[in-house]
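Chemist: here is the input, now give the coordinates:
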Amino acid sequence: MKARTNKKHGSAWLRALAGLPGAVGLGLWALYKAAFHSPNKVQDDPFNIPSGEQYQAERERMKNMIARLLKEPWEPVYIESFDGLKLHGQFYLRDPKAPLAIGCHGYRGNPARDFSGGAMIALDMGMNLLLIDERAHGKSEGHTITLGAKEQKDIARWLQWGEDWAKEVGDPGKPIFLYGVSMGAASVLMAAGGEVPKTLAGVIADSPYSSAKDIVMQLAKDAHLPRKPVFWIVWLAEKLFGGADLREADAVKAAAQIKVPVMILHGLEDHFVHDSLSAKIQAANPELIRRYTFEGAGHGLSFIVDEPRYRRLTEAFTKECLERIDH
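Modeler: Numbering: from 1, shown residues only. I've put the predicted structure just below:
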């Protein structure tokens, strides 16, 4: 009787082991769905203000800023990504002779919400503006967010669109600026470190992370989880189900290759992307990258906390970049 009991228990263990790969696979799938799968319909609502205390305190002001931007006339533009996705952008034409700014929103963000402040600076300066829907967001196709691994290649395509449009309007030397917030900020830095048009004049990065690996490990540490094991689990989930290698999303590595001026803006009360991550980016290319921090500002909220300074810095940086081209 005892032997039969042990055999029964042994069979149970074998069944449990046999089911382990399936359980691991389901766990990785659930992680991918939670962290990388998109679109999330809530993100399509520009008035969906994040629930954090720092955001809710400025809820009405933010909604008014969003409403103002939504009243500005724009026209849709489309391109095809390197992997065959139809990508959408909102083009605000001010003056065919003026520079072009390309804005890239954040993780599960919305261009009207994430750029409700920065977009108006560009438009108030008389610049043309293109706000893109990142892949898997808004009207752009795709279902996977890759933290910059693939988004940087999409931005390279948008830069090509800007260069082609400049030629169409008879201004092939038109200066182009890249402007990003959060994931968009990290992605524009990654793109700027690759092949870019000679007309790229400068990059503005608001609250960027240094790499996908760094932000995943930082979030793991904040949650009191082992950093490296968490990253590799997250990496595997994205690689298996999203087809992207998060190791390719490295803004520090790209920053060392950037050849145009860069301005980083970062809040010192950013509890999502710690300001120490953007400091790593600046350290990779201190001659061309300047960095300004904002006391009391949470993630992407530097404009809200000190709009006059944010505007002043952005306008001065833009003018300096344009003067650099003229000389």
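Chemist: for whichever strand or helix holds residue 62, buried residues please.
Modeler: Counting by DSSP states H and E, the element that carries residue 62 is helix 59-70. By neighbour count, with 16 or more other Cβ atoms under 10 Å as the criterion, the buried positions of helix 59-70 are 62, 65, 66, 69. Any C-beta I mention is one placed from the backbone N, CA and C, and that applies to glycine too.
Chemist: mind checking the pLDDT average for the next helix or strand after it?
Modeler: Where DSSP H and E defines the elements, the next helix or strand beyond helix 59-70 is strand 75-80. Confidence for strand 75-80, expressed as mean pLDDT, is 98.
Chemist: next structured bit after strand 75-80?
Modeler: Going down the chain from strand 75-80, the next helix or strand is strand 86-92, by DSSP H and E.
Chemist: mind listing what that following strand pairs with, with the direction of each?
Modeler: In its sheet, strand 86-92 lies beside strand 75-80 (antiparallel), strand 128-132 (antiparallel), with partners assigned from DSSP bridges.
Chemist: out of those, deepest packed?
Modeler: strand 128-132 (a mean of 26; mean count of other Cβ atoms under 10 Å).
Chemist: need the residues that contact that strand.
Modeler: If you take Cβ atoms under 8 Å, 6 or more residues apart in numbering as the criterion, strand 128-132 is touched by 74, 77, 87-96, 98-105, 111-112, 115, 119, 122-123, 140, 154-155, 158, 161-162.
Chemist: please repeat the previous calculation with a cut-off of 6 Å.
Modeler: The set of residues that contact strand 128-132 without belonging to it, under Cβ atoms under 6 Å, 6 or more residues apart in numbering, is 89-94, 98, 100-104, 111, 115, 119, 122-123, 158.
Chemist: next, the contact list for residue 119, please.
Modeler: Counting by Cβ under 6 Å, 6+ apart, residue 119 has contacts 69, 129.
Chemist: pull the distance from the host helix or strand of it to the chain's centre.
Modeler: For residue 119, the host element (DSSP H and E) is helix 118-124. Between the mean C-alpha location of helix 118-124 and the chain-wide mean there is a distance of 19 Å, by Cα atoms, centre = their mean, to the nearest Å.
Chemist: can you check stretch 104-119 too?
Modeler: Per Cα atoms, centre = their mean, the displacement of stretch 104-119 from the mean C-alpha position of its chain is 9 Å.
Chemist: so what's the residue count around residue 173?
Modeler: By other Cβ atoms under 10 Å, the residues close to residue 173 number 9.
Chemist: could we number from 56 for the rest of this?
Modeler: Understood, numbering begins at 56; the last thing we discussed is residue 228.
Chemist: identify the residue spatially nearest to it, adjacent ones excluded.
Modeler: Here the nearest residue to residue 228 in space, its sequence neighbours aside, is residue 254; by Cβ to Cβ, 6 or more residues apart in numbering that works out to 6.1 Å.
Chemist: buried set for stretch 216-228?
Modeler: Neighbour-count burial for stretch 216-228, counted by 16+ other Cβ under 10 Å, picks out 216, 217, 218, 220, 221, 226.
Chemist: torsion angles phi and psi at the last one?
Modeler: Listed backbone geometry of residue 226 is phi -140, psi 70, with angles given as degrees, to the nearest 10.
Chemist: skipping its backbone neighbours, what lies nearest it in space?
Modeler: Taking Cβ to Cβ, 6+ apart, and ignoring the residues beside it in sequence, residue 226 has residue 152 as its nearest neighbour in space, at 6.2 Å.
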